[in-house]
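okay, structure incoming, though there's no sequence with it:
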């Protein structure tokens, strides 16, 4: 296991995810400071997500053609510059422009990071390795957001962006050291030319669709779990902190456990299918039955745990493509994940306004069943 690379990649994922997620505690402050509506500030998430998805697709294809190292180092550099720009911006338009650049720079190296890690470990260890890298995103919820809220109480939302820029620079140093002179970061002479058409084969498209289903199931709770607790049990924002920490811990533990399972169980797609079916069952109980807050929090922990178990198996399956298109495929995976987040936010908002949180269970279960069905079709064919 290249542990130094895994640590650097995990830190890079933490910086990329924190560049947008740590904005959540400061929406009111940002709207007052920029003299704009809070809903407009909240839409920065959608802008960032779109830029992230587009950049990931382009960077993945570019890394297969020109090598990975330029993207692994260039992405964090531009991310740090963009976050400094956000911290100095005096209008919403300027903040939006820098935030879009931050999202694009994050997308330019996250998918490529997965490709580099998968190329540097044995296929029998990829589930565990990718699970550790993905834990960097989960740490944003567990550590990044609470820490940003605490630091922001002293330095404000602008200072928090400078802190995240510093983390991006630290990740840059780690990635520069661990990828220096590595052949896996360069295209091998004589290798087949990368092709987007070759990457978007039937099996890959099926795996990407499975990823969208998994991201919708996870995003529904990641985006709305705090609001669900506040609406259902009349909890204050402070009282939601511990349940959210347990939710994040369940995601981290599920990702790590899923990585172990992915490397030990040969039928990875069956593992994905079982996890998605289990998450659908728990979702119905989570949103349809809430006798008290302790039971609901326990169900939330269980839901995010079983959902997270599915992700490493899917990622390990995606890395089984030929080396010359792996960056393209994993870049497309990040792009499809961005669509999953958008679907989760939009469908969840529509469901909450039309039917209340009681409709979240059937909605999540439906996507879980579709994802499981796609996995089983892929396994039998």
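Nice, I can see it. The model shown is predicted, which means the values in this text are computed figures rather than measured ones.

in the stretch 151-300 of the chain, where is pLDDT below threshold?
Within the stretch 151-300 of the chain, the segments meeting pLDDT under 70 span 181-196, 198, 237-238.

one more pass at 90, please.
In the predicted model, the stretch 151-300 of the chain carries pLDDT under 90 at residues 151-157, 178-204, 215, 218-232, 234-249, 251-252, 255-256, 258-270, 290-291.

now swap in the stretch 1-150 of the chain and tell me
Applying pLDDT under 90 to the stretch 1-150 of the chain flags the ranges 1-3, 6, 17-69, 107, 110-150.

tell me where it has strands.
Read by DSSP state E, counting those that start in this stretch, the stretch 1-150 of the chain holds no strands at all.

ok, residue 260 to residue 249 distance?
17 Å (C-beta to C-beta, to the nearest Å). C-beta: built from backbone N, CA, C; applies to glycine.

scratch that, residue 77
32 Å.

and residue 133, by the same measure?
Per C-beta to C-beta, residue 133 is found 18 Å from residue 249.

what of residue 180?
Applying C-beta to C-beta, the value for residue 180 to residue 249 is 35 Å.

more crowded one of these two?
Here residue 180 and residue 249 are compared on neighbour count by other C-beta atoms under 10 Å; more neighbours surround residue 249, at 16 against 10.

ok, and the closest non-adjacent residue to that one?
Take residue 249 and drop its neighbours on the chain: the residue closest to it by C-beta to C-beta, 6 or more residues apart in numbering is residue 142, 6.1 Å away.

pretty sure the one you found sits against residue 250.
No - between residue 142 and residue 250 there is no contact under C-beta atoms under 8 Å: 9.8 Å.

neighbour count for the two, which is higher?
For residue 142 versus residue 250, neighbours defined as other C-beta under 10 Å are more numerous around residue 250 (24 against 19).

which elements pack onto the helix or strand that the more buried one is a member of?
Assigned by DSSP states H and E, residue 250 belongs to helix 241-264. With contacts defined as 3 or more C-beta pairs under 8 Å, 6 or more residues apart in numbering; DSSP states H and E, helix 241-264 has these neighbours: helix 126-139, helix 145-178, helix 202-233, helix 268-288, helix 293-318.

and that helix, what's buried?
Going by neighbour count (16 or more other C-beta atoms under 10 Å), the buried part of helix 241-264 is 243-244, 246-259, 261-263.

neighbours of residue 176, just the number please.
Number of residues near residue 176 (other C-beta under 10 Å) recorded here: 15.

list the contacts of the closest residue to residue 63 other than its chain neighbours.
Leaving aside its sequence neighbours, residue 63 sits nearest to residue 327 (C-beta to C-beta, 6+ apart; 3.7 Å). The contact partners of residue 327, taken as C-beta atoms under 8 Å, 6 or more residues apart in numbering, are 59-64, 68, 111-112, 115, 194.

which two from these end up farthest apart in space?
Farthest pair in the contacts of residue 327 (C-beta to C-beta) is 111 and 194. Separation: 13.7 Å.

among the two, which residue is more densely surrounded?
Counted by other C-beta under 10 Å, residue 111 and residue 194 do not tie: residue 111 has more neighbours, with 32 against 22.

tell me if I'm right that the more buried one and residue 333 touch.
Yes - in this structure, residue 111 is within contact of residue 333 by C-beta under 8 Å, at 6.4 Å.

ok, the residue most central in space within the chain - contacts?
The residue lying closest to the centre of the chain (C-alpha atoms, centre = their mean) is residue 137, at 5.8 Å. Taking C-beta under 8 Å, 6+ apart, we find residue 137 in contact with 13-14, 17.
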